[in-house]
Structure formats: C-alpha cells, structure tokens
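1. Here is a sequence together with a model predicted from it:
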Amino acid sequence: MKKFILVSTIVLLSLTSAFAQGKKTEIKAGDISFGVNVNPMTAFAESKWKPEDGAFSGAWTKDLGDVPAQMYILSKDPVASFKLRFHMSESVALRAQLGITGSIINQKDYVQDDYSHYLSPVSENKVVDQVSSKLNAASLGLALEMIKGNGPLKFNASIGVLYAIAGGSMDFKYGNPFNKDWNGNVPTSTAYTQKLEGGNKVADSLNDGAPVGHLGITYARPLKRFNVGYTNALGISIDMGVEWFFAGQMSLGAALTFTPVMLLFQPQTYTTYEGFTTMAVQGGSDEGSVIEYNKLVSPGSTGILYGTDNFGLRLSLNYYL
C-alpha cells in the first residue's frame, strides 16, 4: 500500500509539473479559444421540454400550447452550450455561443379494445394509443468581451445579444377508431384525451375541442397540436467573471450572467381534432360520419422581460488553439 501511494504521488507530481511548464498566462491578438459552458442556474428553471420521469404525461402535454413558462425559459442562458472566441487583442475578443436542446418522445398507453369489448363485455384485450412529441430549441449569443489582468488569472466582462427559438408539435394515434355501433360514438382513448364529464374537463385532459354543437359533434379527440411557426426571443445579455489558466493551453471560467431586457413572441397554436358528427356533410352520409377540423387553442402571446432577477452562473472549460 505504501509503495502504491508513493508511486501515485510521484506520477501526480510529474503530471502537474508537465502541465505547469507550458501554462498559458497571457493572451495575444489572433488567439482562438474553444469552450464548453454549463449554467446550473438555468437547470433549476421550470422547463417543459419533457415530462418528469415517471410522471403522468397528460399533465405535461395538456399545457404545451399556451403555458407562459414555455416562452420564458428561452430568456435563460442555455443549460449547456459551446463557445468560440476570437481575440482581436490582448484585451478584446469576439464571442459566439450556441446552445441546442430538444426531445423526441413516443408516449404509449394501453386502453380497452372497444371491438373486443363489444363482442364480449368481459374481454380484457387492449390496444395501444400513442402520442409523439417533437420539441426543439436553440439559442445563439454574440458578444464583445473585455479582458483585464496579468498572469494566469483574468477578469472579463461582456455585452451582447441573445437570440432563442423553440417549437414543435404533437401527433396522436389511436387504437380504437370511431364507430357508433361499438361504444356510443365515443371510442376509448388514452386518459388525457377523454371526453368531458358533467360538462367539466377531466383531470389532465386535452379534450378542449368538444362539444362542437354547430357541427353536431358531442365528442372529439386531438390528432395533432402544433404552433404556426416558432416561438422567438431576442434580448440583451451581460456577464462578468474570471478566467484562470491552470494547465497548458486550458482555462476554467466562471461568470454571472444577466438578461436585463428580452422580447418574446409566441405564435398561434392550433389543434386538429377528429369527431363523429350526426349531421350530413359533404362526402358523408345522412347517418353522420367522422370529420376533422382545426381549432385555435392559443391566439399567440408576446412578452417583455426586464430587470436583474433573470440571472445565471456560467461555468466553462476553455482550450486555446
């Protein structure tokens, strides 16, 4: 054990000495650095990109179209991003920062097989309903960075613009089709698309399209929910921090980030529904048919965020080429 500790200590000291010999202490014009940023403060903000592990997905999907937090998360510094800097001089650098996030989730649930249940009320056969969610977001920051200090420890401050964009859609597939002879015109569907009960929505329901009296529809279920375009955000970003060159061409950075002003634009949100109508429609019959229609869920929203409470802590690892 003593030999192991001794050898480990020698190796560690040798590596430390090797790194220290080539440690960068000064920045010069023409230097290019590449880095990875992490902002743990943003991770604590409420995000709607995916359901929590083990959570009932209806609570997440039902508010996708019009919940305000869906917009405001864009005003935060990305949880993780890549950074590229070009140093025009020893004290001035141009910085670009890119963050990307998203998810593709196929949520599947078993529901009663209506046809088997119609043939035999004691049947326990199941079919599968599926909700496919595709969400993505990206942010691009451009800033002018000022650098001060001699030796391995530098102070830096920057001001720039932050542009963010996000959007996506949800698609629904059902195992039970509409058939008025099987279950009173209402097919069994996954829990968060079920019908109204007593005129009120059931918990975590997406069924905001029924009833539709002028179309003769007593129940409808969503086929697709989407934004007409992407949510956009544009703001001013400010940060101040330090950078420490600890080994070779590598440095660690820490900075407080602020977004004092940001404009946000969320587009209209529509949902496509299908429902059984008792009215005669073009292409249908006097006995009714299944039709699709679009409904506006959210008319679109705008926002202006200002103040100093929208802050973060950006940690970075940088390498100078």
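-> On my side now, so go ahead. Since this is a predicted model, take the numbers as computed values, not measurements.
2. Output the contacting helices and strands for whichever strand or helix holds Ala143.
-> Taking DSSP states H and E as the definition, one finds Ala143 inside strand 126-148. On a contact count with 3 or more C-beta pairs under 8 Å, 6 or more residues apart in numbering; DSSP states H and E, strand 126-148 meets strand 80-87, strand 92-112, strand 153-173, strand 231-247. All C-beta spots, glycine's among them, are computed from the backbone N, C-alpha and C.
3. want to throw the ones you listed into a markdown table with distance to Arg221, mean pLDDT and mean neighbour count?
-> Converted to a markdown table, those look like this (distance: least, C-beta to C-beta, whole Å; pLDDT from 0 to 100; neighbours: other C-beta atoms under 10 Å):
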| stretch | distance to Arg221 | mean pLDDT | mean neighbour count |
| --- | --- | --- | --- |
| strand 80-87 | 37 | 93 | 18 |
| strand 92-112 | 12 | 88 | 16 |
| strand 153-173 | 7 | 89 | 18 |
| strand 231-247 | 26 | 91 | 19 |
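4. Output these in CSV; the columns should cover distance to Ser33.
-> Formatted as CSV, those follow (distance: least, C-beta to C-beta, whole Å):
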stretch, distance to Ser33
strand 80-87, 5
strand 92-112, 8
strand 153-173, 12
strand 231-247, 9
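5. what residues are up against the closest residue to Tyr306 other than its chain neighbours?
-> Counting by C-beta to C-beta, 6 or more residues apart in numbering, Val261 is the residue found nearest to Tyr306 once chain neighbours are left out, at 5.0 Å. Neighbouring residues of Val261 by C-beta atoms under 8 Å, 6 or more residues apart in numbering: Gly235, Ile236, Ile304, Leu305, Tyr306.
6. Tell me the secondary structure at Met279.
-> What DSSP: H, G, I helix; E, B strand; the rest coil gives for Met279 is coil.
7. That one reaches Gly216, doesn't it?
-> Yes. Applying C-beta atoms under 8 Å, one finds Met279 in contact with Gly216, separated by 3.7 Å.
8. More neighbours: those two, which one.
-> The residue with more neighbours, out of Met279 and Gly216, is Gly216; 16 against 13, by other C-beta atoms under 10 Å.
9. what's the spacing between that one and Leu296?
-> Counting by C-beta to C-beta, to the nearest Å, the gap from Gly216 to Leu296 is 20 Å.
10. What of Glu26?
-> Distance of Glu26 to Leu296, given as C-beta to C-beta: 59 Å.
11. can you check Asn176 too?
-> For Asn176, the distance to Leu296 - C-beta to C-beta - is 27 Å.
12. higher neighbour count, those two?
-> Using other C-beta under 10 Å as the criterion, Asn176 and Leu296 rank with Asn176 on top: 20 against 12.
13. so what's the residue nearest to Asp31 when sequence neighbours are not counted up against?
-> Nearest in space to Asp31, with sequence neighbours left out and distances taken as C-beta to C-beta, 6+ apart, is His87 at 4.1 Å. By C-beta under 8 Å, 6+ apart, the contact set of His87 is Ile27, Lys28, Ala29, Gly30, Asp31, Ile32, Ser33, Ala93, Ile147.
14. Give the burial count for the third one, as a bare number.
-> Neighbouring residues of Ala29 were enumerated by other C-beta under 10 Å; the total is 12.
15. Please shift the residue numbers so they start at 11 in all later answers.
-> I'll keep to 11 as the first residue from here, and by that count the last item is Ala39.
16. All set, thanks.
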